[in-house]
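# Sequence isn't available, so here's the structure alone:
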Ligand code: SF4
Ligand code: ZN
């Protein structure tokens, strides 16, 4: 059994990339100090904030909410709320909503649940079927991602949020980085920075990725040690249809063989974000149809609705 590198007690986690192990107490201290360092390094929060945490009910977002709940109790100018988007994925989201409700009720955090069905008119399952019938080239994650981002921004703003926190961790970020590279989509790289949406549009809420520098495994350990790990392990049935699935396996294998690989990818990403941010600077526009922030004349959500035949507009 491995021993804690600090106190010699039984270790709960070993970070191969730094050759150290941690017991429960020292893991939690180490985790906290690194998340705080990320918050300071990238200037995530000001003295007065209404922080809206995007929570799905999975381990990452429940950990983000739990972490910020405890941190916000020590900062008088902070208010904390949670926002869950129910995409309507049968057998999956209904399960994670139970874990979401358990944790928000235990912590006593204000929350809002918004569903695709009420806002878009269709569940994700129905949108996927519609897209298939129309021979659209998109994978389920495309509909899910576009409409979720759209609704998170809209509702975080309506709730009075000043900053929207997502629980993207180091693994998520470097996976998306490689996906963008494989697709030749370098224009999207500046969006992979730790903070997005700064002063870009009056209706756009600044977004921060709380676990930007924390590997997924460490968020799992945090969730387990704090008793907030989801009670049932369910996986989204659409996850396997995304190329992310294979990229994830590849990056994890590289990390096993060459510990520290994920941090090296992050280093390259941050370097590229700096280099490309002015080159691909987007001038924010307002969608002619829905009035929400958009990179073009019509936002991606309205474009997708038109392609799906669920938005009938004459411009
Ligand atoms: Fe949505 Fe894809 Fe994630 Fe499932 S795997 S929740 S469809 S983004
Ligand atoms: Zn729109």
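Noted; the coordinates are in hand. Keep in mind the model is a prediction, meaning the values are calculated, not measured. Ligands and ions are numbered 1, 2, ... in the order given.

# List the strands paired with the lengthiest strand in the chain, with their directions.
For the chain, the strand with the greatest residue count under DSSP state E is strand 78-86. Strand 78-86 has the following sheet partners, assigned by DSSP bridges: strand 49-54 (parallel), strand 110-115 (parallel).

# Show me the beta-bridge partners of residue 293.
Beta bridges link residue 293 to residue 286 when assigned by DSSP bridges.

# Verify the contact between it and residue 282 for me.
No - here residue 293 lies out of contact with residue 282, judged by C-beta atoms under 8 Å, at a distance of 10.0 Å. No exception for glycine: its C-beta is placed from N, CA and C like everyone else's.

# Tell me which of those two has more neighbours.
Shown here are residue 293 and residue 282; by other C-beta atoms under 10 Å, residue 293 has more neighbours (21 against 13).

# Got the confidence number for the more buried one?
Note for residue 293: predicted pLDDT of 92.

# Quick check: it vs ligand 2, distance?
To ligand 2, residue 293 is 9 Å away according to C-beta to the ion, to the nearest Å.

# ok, that residue to ligand 1 distance?
Computed as C-beta to the nearest ligand atom, to the nearest Å, the residue 293 to ligand 1 distance reads 21 Å.

# got the contact list for that residue?
Going by C-beta atoms under 8 Å, 6 or more residues apart in numbering, residue 293 touches 153, 200-201, 203-204, 284-287, 299.

# Also residue 95?
So residue 95 contacts 57, 232, 234 (C-beta under 8 Å, 6+ apart).

# how about 7 Å then?
Residues counted as contacts of residue 95 (C-beta atoms under 7 Å, 6 or more residues apart in numbering) are 232, 234.

# any idea which element it lies in?
Element membership for residue 95, per DSSP states H and E: helix 93-107.

# Report whether that helix contacts ligand 1.
No - Helix 93-107 is not in contact with ligand 1 by C-beta under 6 Å from any ligand atom; minimum separation 7.7 Å.

# orientation of that helix relative to strand 110-115 in degrees?
Relative orientation of helix 93-107 versus strand 110-115 (axes from the mean of the first three to the mean of the last three C-alpha atoms, to 10 degrees): 170 degrees.

# buried residues in helix 93-107?
Neighbour-count burial for helix 93-107 flags 93, 95-97, 99-100, 103-104, 107 (criterion: 16 or more other C-beta atoms under 10 Å).

# what separates it from the chain centre, distance-wise?
On the basis of C-alpha atoms, centre = their mean, to the nearest Å, helix 93-107 sits 17 Å off its chain's mean C-alpha point.

# and what of stretch 220-236?
Offset of stretch 220-236 from its chain centre (C-alpha atoms, centre = their mean): 16 Å.

# quick one: buried residues of it?
220-223, 225, 228-230, 234, 236.

# before we move on, which element is the residue of the stretch 1-150 of the chain found nearest ligand 2 in?
Closest approach of the stretch 1-150 of the chain to ligand 2 (C-beta to the ion) occurs at residue 150, with a separation of 7.7 Å. Assessed by DSSP H and E, residue 150 sits inside helix 140-158.

# can you list the residues that contact that helix?
Residues from elsewhere that reach helix 140-158, judged by C-beta under 7 Å, 6+ apart: 52, 54, 83, 85, 87, 112, 114, 116, 119-120, 124, 127-128, 131, 164, 203-205, 238, 241-242, 292, 300-301, 304.
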